[in-house]
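Asker: Quick one: sequence plus predicted model below, questions after.
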Amino acid sequence: MNVRKAVFPAAGLGTRFLPATKASPKEMLPLVDKPLIQYGIEEAAASGLTQAIIVTGRGKRAIEDHFDISIELEHALEAKGEYELIEELRAIANLMSMCYVRQKTPLGLGHAILCASGAVGDEPFAVVLGDDIIDARVPCLKQLLEVAGEHRASVIALERIPREAISRYGVIDGTQVGDRLWSITDLVEKPPAEEAPSDLAIIGRYVLVPAIFPLLEQIKPDRKGEVQLTDALRALAAEEPLYGVVFEGKRYDAGDKLGFLQATVEYALKNGELGEDFRHYLRSLPL
């Protein structure tokens, strides 16, 4: 299975981070020294993908500017002799080929992915949700791509979640068929803990076949008027094989304020330039 493209839904309103996201895209919130969405783009590029399809909305122009070349900024840096910084900025612009699609109204994750169907075309593709920052020796998306290539089927990332928190996630039912590998028979969106079929939650990394698009077109919006990807995946699982991988790595829910702070602290501690000084600072704080 040859996967070249990754879809990045980025049209949400970022209400959990208001007022910070009133005029700035949530995807551009800095995690240490890079915006959230760049971590996902770098993961896709490190996994061998070459084209990013970013689904944006109103007020998201900063995302396009970030992955573009800024001639004025480069000229200013050149005048100061900051050539290494210029190369770093150019590397950001050259991570992947960028394509932007507009979601005029935020109608859910499923609708955002459907908006990208024209750019994806009739080929398998990945989906990366920027809220999930995943620190892994082997990129999480690459782990999924290896399974997709072996089984020539759609694959989603899974993580074991404590039962008391499972109602915040989509959850799968299925049979374990290998080390960290599950054959999925059903999916449920945000079930009550006592009704959840497992403790395996769907995490924001997917490798999908184009057959998902006609299924998304048929999905009826939920009570909030949103088209849920989970509903389309449920229909897909009824028609063809669908697998889940309990990925190796650590996930941070950067779409949540506490998760964002946790990611900031741990990524700062691992930063080559800041780590030691930041560690000393944390140790100096009164507890």
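Answerer: Looks like it arrived, so ask away. Note that the structure is a prediction, hence the values are computed from the model and not measured.
Asker: what about stretch 220-229, distance to the chain center?
Answerer: 20 Å (C-alpha atoms, centre = their mean, to the nearest Å).
Asker: contacting residues around that stretch?
Answerer: The list of residues contacting stretch 220-229 from outside it, by C-beta atoms under 8 Å, 6 or more residues apart in numbering, reads Leu107, Gly108, Leu109, Gly110, His111, Ile113, Leu114, Val127, Glu189, Tyr206, Leu216, Ile219. (Glycine included, C-beta is placed from N, CA and C.)
Asker: That stretch: which residues count as buried?
Answerer: Glu226, Val227, Gln228, Leu229 (16 or more other C-beta atoms under 10 Å).
Asker: just the strands in the stretch 101-250 of the chain please.
Answerer: Using DSSP state E, counting those that start in this stretch, the strands of the stretch 101-250 of the chain run over 125-128, 132-135, 154-160, 170-178, 181-189, 200-208, 242-246, 250-253.
Asker: Looking at strand pairing, list the partners for Arg102.
Answerer: Judged by DSSP bridges, the bridge partners of Arg102 are Thr56.
Asker: so it touches Thr56, yeah?
Answerer: Yes. With contact defined as C-beta atoms under 8 Å, Arg102 reaches Thr56; the gap is 6.1 Å.
Asker: list residues touching both of the two?
Answerer: Ala11.
Asker: between these two, which one's more packed in?
Answerer: Under the neighbour definition other C-beta atoms under 10 Å, Arg102 and Thr56 were set side by side, and Thr56 has more, 22 against 11.
Asker: Please dump the strands of the stretch 101-250 of the chain into a markdown table; it should also carry mean neighbour count, distance to Asp68 and mean pLDDT for every row.
Answerer: Formatted as a markdown table, those follow (neighbours: other C-beta atoms under 10 Å; distance: least, C-beta to C-beta, whole Å; pLDDT from 0 to 100):
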| stretch | mean neighbour count | distance to Asp68 | mean pLDDT |
| --- | --- | --- | --- |
| strand 125-128 | 26 | 20 | 98 |
| strand 132-135 | 22 | 23 | 96 |
| strand 154-160 | 24 | 29 | 97 |
| strand 170-178 | 17 | 34 | 94 |
| strand 181-189 | 19 | 36 | 94 |
| strand 200-208 | 25 | 25 | 97 |
| strand 242-246 | 24 | 34 | 97 |
| strand 250-253 | 18 | 27 | 96 |
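Asker: Name the nearest residue to Gly174, ignoring sequence neighbours.
Answerer: The shortest distance from Gly174 to any non-neighbouring residue, by C-beta to C-beta, 6 or more residues apart in numbering, is to Ile184 (4.2 Å).
Asker: mind listing what the one you found touches?
Answerer: The neighbours of Ile184, taking C-beta under 8 Å, 6+ apart as the test, are Ile156, Ile172, Asp173, Gly174, Leu233, Ala237, Leu242, Tyr243, Gly244.
Asker: what's the answer for Gly118, then?
Answerer: Per C-beta under 8 Å, 6+ apart, neighbours of Gly118: Val101.
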